[in-house]
Every structure is written in C-alpha cells, then in structure tokens.
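> model this:
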Amino acid sequence: MSDTDIKDMEKALEAILSMADKGKKAQVKFRRGTSQYTLLENRIYALNIAFSLINKELGNDMSQEFERAALENACAPIQSLISKSEKAQTKLKPGTWQYVMLENNIKALYIAWPLVLKELDR
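Sure thing, here's the model as predicted:
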C-alpha cells in the first residue's frame, strides 16, 4: 500500500468518525422507535463497521469480525450516505467548508464501500 493510500485511509477514518459522532449527537434529539432515530442508529452502526474495516485494512489491531447479516445491513446506509452527500454537494459552492466536508465524507465512504463488499465475499 502506498503512502498516499495510507494517508487517504487515515483521512477516511477521521471523516467516518466525525459522521458517526454527528449522528450520535443528532440521534438524542429523537425518541427511540421513531423513523429518524432508527435511521441514525443504522447509519451509526454502518459507519462503525466502515471504521473497523478501514482500520483492519491499515493493519491496525482490529480483530473484530462481522457476521454476514451485519455487513449486509451496512450496505444500504452507506449507499444512502453516499447518494445524499453527493446530492447535497451539488447545491454548494466549491471551496466552502460544507463542500469540502462533504467531499471528504464522500471519499471516505468510497474507501469503505469496497471493503464492505470484500468482507461480504469472504
């Protein structure tokens, strides 16, 4: 793995951690059992899987294994986050902090996505 790949993955870890933290903060605003709460719960879980898989790819001591069902359940939230982030980014002016944040999030999710698929193929 090249130094660039490693740096991209380390940046992806930061972006995914940030997305999960924001999701946790937003989740407390909703009542358990509501669709908003469940949506955020699923996204946070998927982001945690993505975070673990990137760490594993970097060779960090992440011995956590995921059941096939967990990986399958992570697919829709990750794809949804990619789609929604790309759509939101089209409405922003390039160079703004929001645009850059979404760009980093999208890159991170595109790094995580093939790792999830790779785990599903095992």
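> and the contacts of stretch 17-36?
Y37, L40, E41, R43, I44, L47, N48, F51, L81, N105, A108 (Cβ atoms under 8 Å, 6 or more residues apart in numbering). For every residue, glycine as well, the C-beta is placed using N, CA and C.
> show me which of these is closest to W97.
Using Cβ to Cβ, N105 is the member of the contacts of stretch 17-36 that lies nearest W97, at 12.4 Å.
> what about the closest one, which helix or strand?
helix 97-120 (DSSP states H and E).
> columns secondary structure, neighbour count and distance to E72 on top of the contacts of stretch 17-36, output as TSV?
Converted to TSV, those look like this (DSSP: H, G, I helix; E, B strand; the rest coil; neighbours: other Cβ atoms under 10 Å; distance: Cβ to Cβ, whole Å):
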residue	secondary structure	neighbour count	distance to E72
Y37	helix	16	21
L40	helix	22	19
E41	helix	16	16
R43	helix	22	15
I44	helix	19	17
L47	helix	27	16
N48	helix	17	15
F51	helix	20	18
L81	helix	23	16
N105	helix	23	22
A108	helix	28	21
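> farthest-apart pair in the residues you listed, please.
The largest separation in these, counting by Cβ to Cβ, is between Y37 and A108 at 23.7 Å.
> I am finished for the moment; much appreciated.
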